[in-house]
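K.L.:
this one's structure only:
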């Protein structure tokens, strides 16, 4: 028990007076008592804290977390990433994604913006703007496993999730995203180019060559087999496509739920197997690429006359002609060419108006370029 002197006793009388129990004087509420208990409590906490710290510093097994915690933490991080949502903004794009794709999109958003600008500039189109969007940005939605789809009326485009594409890995997901974007953007840009430059009906098949050129020009997995295909058509008597070549091409396009035939490449792929028609010589003269006037009901979705090997060779030749002209005279001449199509009925007047050389000189240069490369 604690005792203290009677606060009412005189100092000189205290020496001969017995001490009284503290409970008779309400010592539980006295300041001195509270200070004493507070000091003891602080001392106790200090000792306990030092003991725990010393145990941890000494590497005591009891201080280590269970071995299952890192695994649980990793699983929690994966679950958190799978549930995350994010919107990435660039100058012309509003990209929505979720889960593991968030990091891939964030890292590649600026490159997507650059590809958008480059394709529109190459075709002489204004930067991509979403009709009706408050800020004019195109709404890009990265999700699911569907093939790339463009909804121009709503100002949005759907791209497949790189993480969910078959056989994708963290190392390849950025490449897969770029290719998906190039597919969607190229298809839409070709349609816009036809409308923007008011291509007359006779020149509509030109768009098939333009579409294939954009695919090959962008690089990526879908350029597989380009050299072998061109060499096969340019020199059918000397070079052919092996079954391995055909399988590689079909697998690459099937990855995006496409067929090579969609891009005027004369290789067929279906569940029953692979097939390729007998090749026809690749047209290498401008007279063979004269504007054609097919019946309207024979046009397919790629603006080529019905699915024939001749129409595919025609589109491939146009793609190579566009590539040659871009390399020889500069990419800036392509919008000029597209704009001039509505004013000319044939190459004889079109070539001098666009490139400043005669059609014969242009044709000779193109043929030399083909021979050197294929």
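P.N.:
Arrived safely. In this text the structure is predicted, and so the values were computed from the model without any measurement.
K.L.:
what's the neighbour count on residue 258?
P.N.:
Neighbour count of residue 258, defined by other C-beta atoms under 10 Å: 18. For glycine as for every other residue, the C-beta is placed from the backbone atoms N, C-alpha and C.
K.L.:
My guess is it contacts residue 183. True?
P.N.:
Yes. If you go by C-beta atoms under 8 Å, residue 258 and residue 183 touch, sitting 7.5 Å apart.
K.L.:
now residue 349: how far from residue 266?
P.N.:
Distance of residue 349 to residue 266, given as C-beta to C-beta, to the nearest Å: 31 Å.
K.L.:
do the same with residue 103
P.N.:
Relative to residue 266, residue 103 is positioned 39 Å away (C-beta to C-beta).
K.L.:
so residue 140 is in which element?
P.N.:
Residue 140 belongs to strand 138-142 when assigned by DSSP states H and E.
K.L.:
Flag every buried residue along the next helix or strand after that strand.
P.N.:
Later in the chain than strand 138-142, the nearest helix or strand by DSSP H and E is strand 149-151. By 16 or more other C-beta atoms under 10 Å, the buried positions in strand 149-151 come out as residue 150.
K.L.:
I'd like the average pLDDT over strand 149-151.
P.N.:
Strand 149-151 carries an average pLDDT of 82.
K.L.:
packing partners for whatever helix or strand comes next after it?
P.N.:
Downstream of strand 149-151, the next assigned helix or strand under DSSP H and E is strand 156-159. Packing partners of strand 156-159 (3 or more C-beta pairs under 8 Å, 6 or more residues apart in numbering; DSSP states H and E): strand 138-142, strand 149-151, helix 173-196.
K.L.:
Where does the prediction get shaky in this structure?
P.N.:
1-85, 128-134, 166-167, 236, 238-239, 271-273, 275-279, 292-310 (pLDDT under 70).
K.L.:
How is it partitioned into domains?
P.N.:
Split into domains by automatic domain parsing, the chain comes to 83-196, 199-374.
K.L.:
residues in contact with the closest residue in space to residue 158 that isn't next to it in sequence?
P.N.:
Using C-beta to C-beta, 6 or more residues apart in numbering and skipping the chain neighbours, the partner closest in space to residue 158 is residue 149 (4.6 Å). By C-beta atoms under 8 Å, 6 or more residues apart in numbering, the contact set of residue 149 is 157-158, 184.
K.L.:
between those, which has the most around it?
P.N.:
For the contacts of residue 149, neighbours tallied by other C-beta under 10 Å; top is residue 157, 25 neighbours.
K.L.:
so that residue touches residue 151, yeah?
P.N.:
Yes. Between residue 157 and residue 151 there is a contact under C-beta under 8 Å: 6.8 Å.
K.L.:
Do you have the helices of this protein handy? List them.
P.N.:
Ranges of helices in the chain, per DSSP state H, are 31-57, 69-83, 101-122, 173-196, 206-217, 226-234, 243-254, 309-329, 333-340, 347-355, 359-373.
K.L.:
Counting neighbours, what do you get for the closest residue in space to residue 282 that isn't next to it in sequence?
P.N.:
Distance criterion C-beta to C-beta, 6+ apart; nearest residue to residue 282, sequence neighbours excluded, is residue 233 at 4.1 Å. By other C-beta under 10 Å, 24 other residues sit near residue 233.
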